[in-house]
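Peer 1: the sequence isn't on hand, but the structure is:
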């Protein structure tokens, strides 16, 4: 029997968060009684993340799987390596820093299932970022909605849940943070049924963020390039 849900969590130098994040996911998912797998990706970490993940896998055999990426090639690359291994009828990914709770991952999964959505994601009800980053995010989200009027209001939020049949049509390629934009825009361009659910954005308690100022500029450049080529991509897929 196919699994109900495959969730990918990429970890890059998150030694301090691995056990807490994975423990919360296992506890909440087991309590729900769904058939699932957590695909934990060690995305080229240089700290003790690999050892922490090995410990987690040993304690959760059958529900947790490990994907090792020897060299970090970007956040999106780690997500893609995990999704390649996903067996669930719905697949998705979320962050490994503890800012999105397991309960909110399940909330997005439940909405996806209840409304038979091709794509569903969490949308943060409150941001805990510094002011400059909040402003940059608002501008980027507004531009994204102008170029791709799909109704999604918070492009960089998680989790993201995709029906497996939709994921298989996407041919995702983004290796960096643009993976979020690619997933959303391709769901829209392919005519997918899309939805959002409010989630809380928790404060990062341990470790440090790997998003830098240049990441926003890189995403803006990629967005413009992708919008220019989206018409041809759609015609090639439909």
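Peer 2: Done, it's in. It should be emphasised that the depicted structure is a prediction, and the values quoted were computed from it without experimental measurement.
Peer 1: burial of residue 31, as a residue count?
Peer 2: 11 (other Cβ atoms under 10 Å). In this view, the C-beta of every residue, glycine as well, is placed from N, C-alpha and C.
Peer 1: flag every buried residue along whichever strand or helix holds it.
Peer 2: Secondary-structure element containing residue 31, defined by DSSP states H and E: helix 18-32. Judged by neighbour count using 16 or more other Cβ atoms under 10 Å, the buried positions of helix 18-32 are 18, 21-22, 25-26, 29.
Peer 1: and stretch 90-109, by the same measure?
Peer 2: The neighbour-count criterion (16+ other Cβ under 10 Å) identifies 90-102, 104-109 as the buried residues of stretch 90-109.
Peer 1: inside helices: which ones of those?
Peer 2: The helices in this structure, assigned by DSSP state H, contain 102, 104-109 from the buried residues of stretch 90-109.
Peer 1: helices of this protein, start to end?
Peer 2: 18-32, 49-59, 75-83, 102-114, 131-147, 164-170, 179-189, 213-237.
Peer 1: which stretch in the ones you listed is the model least sure about?
Peer 2: Among the helices of the chain, helix 213-237 carries the lowest mean pLDDT, at a mean of 64.
Peer 1: not counting sequence-adjacent ones, nearest residue to residue 30?
Peer 2: In space, not counting the residues next to it along the chain, residue 30 is nearest to residue 63; the distance is 7.7 Å by Cβ to Cβ, 6 or more residues apart in numbering.
Peer 1: I figured the one you found hits residue 29, correct?
Peer 2: Yes: between residue 63 and residue 29 there is a contact at 7.5 Å, judged by Cβ atoms under 8 Å.
Peer 1: number of residues surrounding residue 115?
Peer 2: As a measure of burial, residue 115 has 12 neighbours, counting by other Cβ under 10 Å.
Peer 1: what's the answer for residue 58, then?
Peer 2: Neighbouring residues of residue 58 were enumerated by other Cβ under 10 Å; the total is 10.
Peer 1: OK, contacts around residue 119?
Peer 2: When contacts are counted by Cβ atoms under 8 Å, 6 or more residues apart in numbering, residue 119 touches 112, 160-163, 166, 183-184, 187, 192-195.
Peer 1: how about it: what's its closest non-neighbour residue?
Peer 2: In space, residue 119 comes closest to residue 187 once its chain neighbours are excluded; the distance is 3.9 Å by Cβ to Cβ, 6+ apart.
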